[in-house]
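Q: what's the 3D shape of this:
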Amino acid sequence: MTFVTNSRFRARAVDHLAVAIGTTKGLFFVSDSTVDGPLLPANAVLAFAQLPSGRLLAATTDPRLGPCVRVSDDGGLAWDEPGARQVAFPADAETAVASLWHLHADRRPAASETVWAGVEPAALFRSDDGGDSFELVPGLWEHPDRPGWEPGSEGLALHSVVTHPERPDRVIVAVSTAGVYRSDDNGTTWQARNQGIEARLRPGALPKSGQCVHKLAVDALDPDVLWAQTHSGIYRSVDAGDHWESVGHVGEPDGLPSDFGFPIVSHPEEPDTAYVVPLESDVYPFTPEGRCRVYRTTNGGLSWEALSEGLPRSNAHVTVLGDAFTVGAGQPCPLVFGSKSGHVFASVDSGESWRLVTSYLPPILCVRVLE
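A: The predicted structure follows:
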């Protein structure tokens, strides 16, 4: 499908990336060095998804109506009216959606029109009609662990959804600060899956829940292999979250300079390969030493290497949020991330080299490579 926002914007070739950028002040489309936008102006665009049909969905915060899902069926030229597709709790829930944190387009063949939406306060919604309507998933909302969940600095948000390509009933989510929860019956019941992950407010403790997980990613070839960037480090699971192992190796020769950060993504075709953008700490959430570096592991987290060719190497105090780092299909794969300072960097060779695509956008909240 060709994406067009006006006569200047086209995804013209395989190596010319078409990217959607959600910011605090609208949506932008970027192709090569061409930038179009803002679309949905004055709206914060916290999440973005593309369905197999080509439909585009943007999770926005409308100044008048609050959180909405906006839909485009023409590649971004036109968007439906705000409020037409609000994600809302049932009246008896006695609460309201504060923000829409995440949209996940389910790519399983039997669920090609299914969209999952993660919100604050931590809850999961599901649409089976391509985003035209959403219903609360009650099993997670009514979970007996919920009274013990506490909000993090950005609230109590469900920000990651992972679906299993070979198991139609498996859904895994991450909540900050409740941790990882898995359902093996399509959302009816949920179990905490945090064994091995330290809790943010209880150093050294390994409770059942209460972990501050920032983002989840799934391995390219084995969907039971998961990656988690958390407040307390980077973790990997080889059994769908039943057990987790810390893999940051901070301070070691082939380790990370810091294992704090927000995003984590995995290579779409190479197993055991993941990428992170380390930040100094929660107090100083910037790239360490003022150097912008992406780190990659190709061996399941046993070692990490810095990828910095083309990235700023000094005076670069960059912050990348959890949904602002994305990977596209292909070998080598494209990688794109955006910063809170409005800069977008892209690689078309699996991270070996980078280039500045555009700059001086509003603070960037989410990034997606379009197909």
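
Q: so which residues of the stretch 101-250 of the chain form helices?
A: Ranges of helices in the stretch 101-250 of the chain, per DSSP state H, counting those that start in this stretch, are 138-141.

Q: sketch out the low-pLDDT regions of it for me.
A: Residues of the stretch 101-250 of the chain that meet the criterion pLDDT under 70 lie in 200-205.

Q: in the stretch 51-200 of the chain, which spans are strands?
A: 56-62, 66-72, 99-105, 115-120, 123-127, 135-136, 157-163, 171-176, 179-183, 191-192 (DSSP state E, counting those that start in this stretch).

Q: go through those and name the closest to C292.
A: strand 157-163 (23.1 Å; Cβ to Cβ). C-beta here means a position set from N, CA and C on the backbone, and glycine is covered the same way.

Q: name every strand pairing with that closest one and say which way it goes.
A: strand 171-176 (antiparallel) (DSSP bridges).

Q: which one of the strands of the stretch 51-200 of the chain has the most crowded surroundings?
A: Most buried of the strands of the stretch 51-200 of the chain by mean neighbour count (mean count of other Cβ atoms under 10 Å) is strand 171-176; its value is a mean of 28.

Q: how far off strand 99-105 does it point, in degrees?
A: If you take axes from the mean of the first three to the mean of the last three Cα atoms, to 10 degrees, strand 171-176 sits at 160 degrees to strand 99-105.

Q: CA atoms only for strand 171-176, dumped as PDB, please.
A: Backbone C-alpha positions of strand 171-176 (Å, rounded to 0.1, in the frame of the first residue of the first chain) are rendered in PDB as follows:
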ATOM      1  CA  VAL A 171      -1.900 -12.600  25.400                       C
ATOM      2  CA  ILE A 172       0.800 -11.000  27.500                       C
ATOM      3  CA  VAL A 173       0.700  -7.400  28.800                       C
ATOM      4  CA  ALA A 174       2.900  -5.200  30.900                       C
ATOM      5  CA  VAL A 175       1.700  -2.600  33.400                       C
ATOM      6  CA  SER A 176       3.800   0.100  35.100                       C
END
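
Q: what angle do that strand and strand 179-183 make?
A: Computed by the same axes, to 10 degrees, the angle separating strand 171-176 from strand 179-183 equals 160 degrees.

Q: can you list contacts of strand 171-176?
A: With Cβ atoms under 8 Å, 6 or more residues apart in numbering as the test, strand 171-176 has contacts from 116, 118, 122, 124, 140, 149, 152, 154, 156-164, 180-183, 186-187, 193, 212-216, 226, 228, 231, 240-241.

Q: do the same with stretch 331-342
A: 17, 19, 21, 23, 263, 265, 267-270, 275, 277, 294, 318-321, 324-328, 344-352, 357, 359-364, 367, 369.

Q: taking these one by one, which sit in strands?
A: Residues from the contacts of stretch 331-342 lying in strands, with DSSP state E as the criterion: 19, 21, 23, 265, 275, 294, 325-327, 344-347, 357, 364, 367, 369.

Q: ok so, going back, okay if I get the strands of the stretch 51-200 of the chain as a markdown table plus distance to F286?
A: Shown next, in a markdown table, are the strands of the stretch 51-200 of the chain (distance: least, Cβ to Cβ, whole Å):
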| stretch | distance to F286 |
| --- | --- |
| strand 56-62 | 25 |
| strand 66-72 | 29 |
| strand 99-105 | 22 |
| strand 115-120 | 25 |
| strand 123-127 | 31 |
| strand 135-136 | 37 |
| strand 157-163 | 21 |
| strand 171-176 | 20 |
| strand 179-183 | 26 |
| strand 191-192 | 32 |
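
Q: for V30, find the nearest of those strands.
A: Comparing those against V30 with Cβ to Cβ, the closest turns out to be strand 56-62 (14.4 Å).

Q: between strand 99-105 and the closest one, find me the angle.
A: Using the same axes, to 10 degrees: strand 56-62 against strand 99-105 is 180 degrees.

Q: partner strands of strand 56-62, with direction?
A: Here strand 56-62 has these sheet partners by DSSP bridges: strand 44-50 (antiparallel), strand 66-72 (antiparallel).

Q: dump the first one to PDB, restricted to CA.
A: In other words, strand 44-50. Extracted in PDB, the C-alpha atoms of strand 44-50 (Å, rounded to 0.1, in the frame of the first residue of the first chain):
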ATOM      1  CA  ALA A  44      -1.100  14.400  21.700                       C
ATOM      2  CA  VAL A  45      -0.600  11.100  19.700                       C
ATOM      3  CA  LEU A  46       0.500   8.500  22.300                       C
ATOM      4  CA  ALA A  47       0.200   5.400  20.100                       C
ATOM      5  CA  PHE A  48      -0.100   4.300  16.500                       C
ATOM      6  CA  ALA A  49      -1.000   1.000  14.800                       C
ATOM      7  CA  GLN A  50      -1.500  -0.300  11.300                       C
END
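
Q: quote the end-to-end distance of stretch 25-39.
A: Distance across stretch 25-39, first residue to last, is 9 Å (Cα to Cα, to the nearest Å).

Q: figure out how far it is from the centre of its chain.
A: Remark: stretch 25-39 is offset 19 Å from the chain centroid, using Cα atoms, centre = their mean, to the nearest Å.

Q: I'd like to know how far the residue lying closest to L370 once chain neighbours are set aside sits from E371.
A: Closest residue to L370 apart from its sequence neighbours, by Cβ to Cβ, 6 or more residues apart in numbering: A18 at 4.2 Å. As for A18, its distance to E371 is 8 Å (criterion: Cβ to Cβ, to the nearest Å).
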